[in-house]
Every structure is written in C-alpha cells, then in structure tokens.
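[1] One predicted model, sequence on top.
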Amino acid sequence: MVKNIITVLLISLLINIVIGLFVDIGKTLQAIKEVSFVRLVTPFLCIMLVYVIDTFRYIIVFRRLNVHLSFKDGFYNNIIGTLFSNLTPSATGGQPFQIYHYTKLGLESTTSSNVVFSRIMESNLVQLAIILIFFRRGINLIAMAGKGSYLLIVGMIVTVVITVVLILAFTNAHLLNALALKLDKSRLGKWIAKVSKDDKWAEKFCVWTDDLSKGFKLLWVGNTAAIVADLALYLVDQLIYAFALYVPLTAFVGIAIPVPEFLLTFILCSLVSAFIPTPGAAGSIEASFVLVLGAITGKPAEAMSAILIWRLGAFYLHLLFGSIVYFTVPIKAKIYTKDERGILRRQRRVKVNELGT
C-alpha cells in the first residue's frame, strides 16, 4: 500500500514537472502561494459531500434488495473504494474492492456486484445524456480548444462506445459468454488461465456473467424508482465534482466559463485521462485539463494553478485521508445477518449487562 502511494506521488510529480515546462511556471507558483484556505479546502469538502451522497445511494438501492446497509459501512466503502481507485492503473481498483468489502461484511457477492457494477452503467448513461444535451455547445468547445480538441472528440467517442458495450454486457450476457469461450482455446485464453491459475476460467466467467445479467435485470426492472433516484443523485455527484474545479478555476483565470460548457469539458477530459494507465490517472488528469482549459481560457499558467489546487484538495488530500482510514479502521467479517423477516442487516452490538442477564 505504502509503495503504491509513493508510486502515485512520483508519477504525478514527474508529469506535472513536464507540464510546467510548457507554461509560465513563475505565474503558476505565484498564484499557488496566494491561494486562500477556502479555495484549497473547497475541493476536499466537495469530495466528502460526494461520499455522503453515494452512501445514501447505496442505502436506497440495497434496501430494495432487502439489505439494510448502515451509513457507517456505506461511508467507509466509498472512502476506501476511492482510495483503491486512486492507487490502481486507470482508476480500476475501486469497484472490485467495494464488492470485496461488502462480501466480507456478509452481503451476497452477486448482489454486491449487481449494485456496484450497475453504477458503472449509470455513470455512462448520465455522461452520455449530458453530451447529447450539450452537443452543439460541444462543437463550439472543440473549435475553441485548439490542440485539446482531439481530447474532446476522443472523449465523446469513448463515452458512446463504453455505454453501448455495457448495455450489451448487462442485457445480453450470452455475447460475452460466447467471446470468453472462443478466447478460451486461443493464446490469450491460455495466458488468462496461466495468470488466473484456473483452466476453467471461461466456464466460471460464463456462470458469473449469467448471474450478473439476471441480477442486473431484476435490479433495473423490479426497482425502477430506486434506479431513477440513483441516476438523479449521480447527476448531483457530477455537478459537485465539476464544482470542485470550477471554484478555483474561475478565481485564478478571472473568467466565468458557462456551466454547461465547463461540465461537458470536465466529463470528457476525465474520461480520456482515465484511459492513461497511471495509478488513479495521476498526472494524466492534470495534463489533459491543462491542455484543454488552458486553450479555452487563453491562460494556461493560471489554469494549471487552479488544476493543481483542485487536485491537491480532491485527490492528494483524499489519498492521505483514505490511507489513514484504511490503516486505522479494520473491516469486520460477516457482521450482516438475516433477521426473522429475511432482511439482511448489521448485527446489533450486545451490551455487557445484557450478556449477564
């Protein structure tokens, strides 16, 4: 864990040094020196607010599946999920750890997988909706972004492709199963078997995707109201994430970018940078945002200052915060059990005086 944190910091430092070669580093350092405490703490608090919202999102959806998740466990899950996303290449480790955490608490792995992975599709649906709604504004942004226009175009394409693939994966598991079985005898399939140390990985994958697809359909079809609420809350999440950067950016560059254009830029740059295999997209996010926002505002040095302040509060301080939580708060195993009504809930602590009676 400590080694991963050091790796993230070194990669990010190196990339930011390279970025600094292309902007007025003097202006950047001067702007950072003058930053107020409020601007620094705003991104950090924004992410904390997202943790709270995401915890209620989990509580709402799990309740529809007869699981009464406690706020404490949901809040911990979001903090540590973000930590592992920040420590793994392209931010891919968060969801698997969240599933592991819920399963260790006593929740069924299939149920946890359905809820956690369905969020991936929800996020892509919301992002696709934003892109479609503001598509015309996006065309104008591409014209303003200079060299960063390529990133915006790629971001749009990536969003559409991923959304389509996820819809097929969740609604037509047999397509993924056919692909897995076809790969099983290929060189890639043999390599997967060697790495996973399981010659029957394809068959197990098929069983897993079938269960996931069935559970996904049950979750979305049987609990439409909860999913709609979850989608709406994820939209709020996106607005808060964007606000965390919008505050320091407008302060540093002195230009109030229209919110629709900024939200679109934020989503597209975030998507593209996530595909660069650095831990937690460290450094790649700074690079993509500086390239695009620097061109749009015409003030790359000031834009870089704002982005560094944003990343410090929204990423690096949460890397520290999440690490402290991870090392100081142990995960308790199998503390969720079914009550007489078949509802899975956290075991109530038994007081000492109750044990003596």
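    In hand now; what should we look at? In this text, all values refer to a predicted model and were calculated from it rather than measured experimentally.
[2] can I assume residue 256 sits in a strand?
    No: read with DSSP: H, G, I helix; E, B strand; the rest coil, residue 256 is coil and lies in no strand.
[3] what's around the nearest residue to it once chain neighbours are set aside, how many residues?
    Leaving out its chain neighbours, the residue that sits closest to residue 256 by CB to CB, 6 or more residues apart in numbering is residue 250, at 5.2 Å. Glycine gets a C-beta too; all of them are placed from N, C-alpha and C. Using other CB atoms under 10 Å, residue 250 is surrounded by 15 other residues.
[4] residues contacting residue 162?
    residue 124 (CB atoms under 8 Å, 6 or more residues apart in numbering).
[5] element containing it, please.
    helix 149-171 (DSSP states H and E).
[6] What of residue 216?
    Short version: residue 216 belongs to helix 201-222, going by DSSP H and E.
[7] Give me the buried positions along the helix or strand just after that helix.
    The helix or strand immediately downstream of helix 201-222 is helix 224-253, counting by DSSP H and E. For helix 224-253, the buried set under the neighbour-count rule, 16 or more other CB atoms under 10 Å, comprises 226-227, 229-231, 233-235, 237-238, 240-249, 251-253.
[8] and helix 224-253, how far out from the chain's middle?
    Centre-to-centre, helix 224-253 and its host chain are 12 Å apart (CA atoms, centre = their mean, to the nearest Å).
[9] ok, now stretch 73-91?
    That offset, for stretch 73-91, works out to 8 Å (CA atoms, centre = their mean).
[10] do the same with stretch 241-259
    21 Å.
[11] For residue 154, see how far away the residue nearest to residue 256 is.
    26 Å (CB to CB, to the nearest Å).
[12] hang on, the earlier thing: let's test this: mean pLDDT of the helix or strand just after the helix holding residue 162, rounded?
    On the C-terminal side of helix 149-171, the closest following helix or strand by DSSP H and E is helix 173-184. When pLDDT is averaged along helix 173-184, the result is 78.
[13] after helix 173-184 comes which helix or strand?
    Helix 173-184 is succeeded, C-terminally, by helix 187-196 (DSSP H and E).
[14] And that next one, what's buried?
    For helix 187-196, using 16+ other CB under 10 Å, the buried residues are 189, 192.
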